[in-house]
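Student: what shape does this take:
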Amino acid sequence: MHFFKKNRFFLFYAFLLFFSVIPVCAQAADPIGASLFNVQINQDADPGKLNVVLQIFLLMTVLSLAPSILVMVTCFTRIAVVLSLLRQAMGTQQLPANQIIIGLALFLTFYVMSPVWKTIHEEAIKPYLGKKLSAVEAFDKAVIPLRKFMIKHTREKDLGLMIEVSKLPRPKNIDQVPTHILVPAFIVSELKTSFQIGFMLYIPFLIIDMVVASVLLSMGMMMLPPVMVSLPFKLMIFVLTDGWYLIIGSLVKSFTV
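Tutor: Here you go, the predicted structure:
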């Protein structure tokens, strides 16, 4: 018993090695059974045409990266950040819920990006499905509308920073900027714009909190949290001014200008 306790790891690996060698020996002894697990790679008659397995692999890769692509190259970042800052400014804790904010940001993203996606479908996806363009040509065509959208909403300062950090030669025009540099510059610009909008949203709600806190302090009601009193007033003012209409309208129009 002392030997088994002391050498239990050695016995485990010997046991594993033994049962891994048995199937190999059986397969070598039975050539018919070995043919059941035969993997062949056949060369396609047309080298320019992708294999079906490779197409499925590329499709699964794109689907797995779709959320990241949606966040990086669309207006989703600005809308989601502004709606989150609005919720914090109002002090409504978890209302609206995260699912509602993400869902609203997604549908607004679909609405704002619909002209870009329509152009991609007409100039890239449709010709590719009609076998008029190769996969590489279709990708190059699809990137052009996205680049135009990102260039329109990217600041020169952020773009210059990314070019400087990458240590690449300075491009002669905007069309020579690589996409892998344009994307982070676009994200930084979107974050700054969303925080600027969030700051402007915070000001009226902050004034309401300060007024309520001053009134409660002057009345000697220091034990009463100002948030409990200011929240109904913030909700009332937000509803009376039709705040959702103004904010959503301003967000959508900020991408169409």
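
Student: so where do the helices sit in the stretch 1-150 of the chain?
Tutor: Secondary structure of the stretch 1-150 of the chain by DSSP state H, counting those that start in this stretch: the helices cover 2-6, 8-29, 31-34, 52-73, 76-90, 98-120, 126-129, 135-152.

Student: and the average pLDDT for the third one is what?
Tutor: Read it as helix 31-34. Averaged across helix 31-34, pLDDT comes to 45.

Student: what's the answer for stretch 182-191, then?
Tutor: 89.

Student: other residues contacting that stretch?
Tutor: Defining contact as C-beta atoms under 8 Å, 6 or more residues apart in numbering, one finds that stretch 182-191 is touched by 72-73, 75, 77-78, 81, 147, 150-151, 153-155, 158-159, 161-162. In short, each C-beta sits where N, CA and C put it, glycine included.

Student: what do you get if the cut-off is 6 Å, keeping everything else the same?
Tutor: 72, 77-78, 150, 154-155, 158-159, 162 (C-beta atoms under 6 Å, 6 or more residues apart in numbering).

Student: now for the residues you listed: which two are most distant?
Tutor: Largest separation among these by C-beta to C-beta: 78 and 162, giving 18.4 Å.

Student: the two: which has the busier surroundings?
Tutor: residue 78 (26 against 21; other C-beta atoms under 10 Å).

Student: what does the pLDDT read for that one?
Tutor: 89.

Student: so it sits against residue 194, correct?
Tutor: Yes - assessed by C-beta atoms under 6 Å, residue 78 is found in contact with residue 194 at 4.5 Å.

Student: thinking again about what came up before, buried among the contacts of stretch 182-191? Need that as a selection in PyMOL.
Tutor: This is how PyMOL selects the buried members of the contacts of stretch 182-191, with burial counted by 16 or more other C-beta atoms under 10 Å:
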select buried, resi 72+77+78+150+154+158+159+162
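
Student: export the contacts of stretch 182-191 as CSV, with columns for distance to residue 177.
Tutor: Formatted as CSV, these follow (distance: C-beta to C-beta, whole Å):
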residue, distance to residue 177
72, 16
77, 20
78, 21
150, 10
154, 9
155, 13
158, 12
159, 7
162, 9
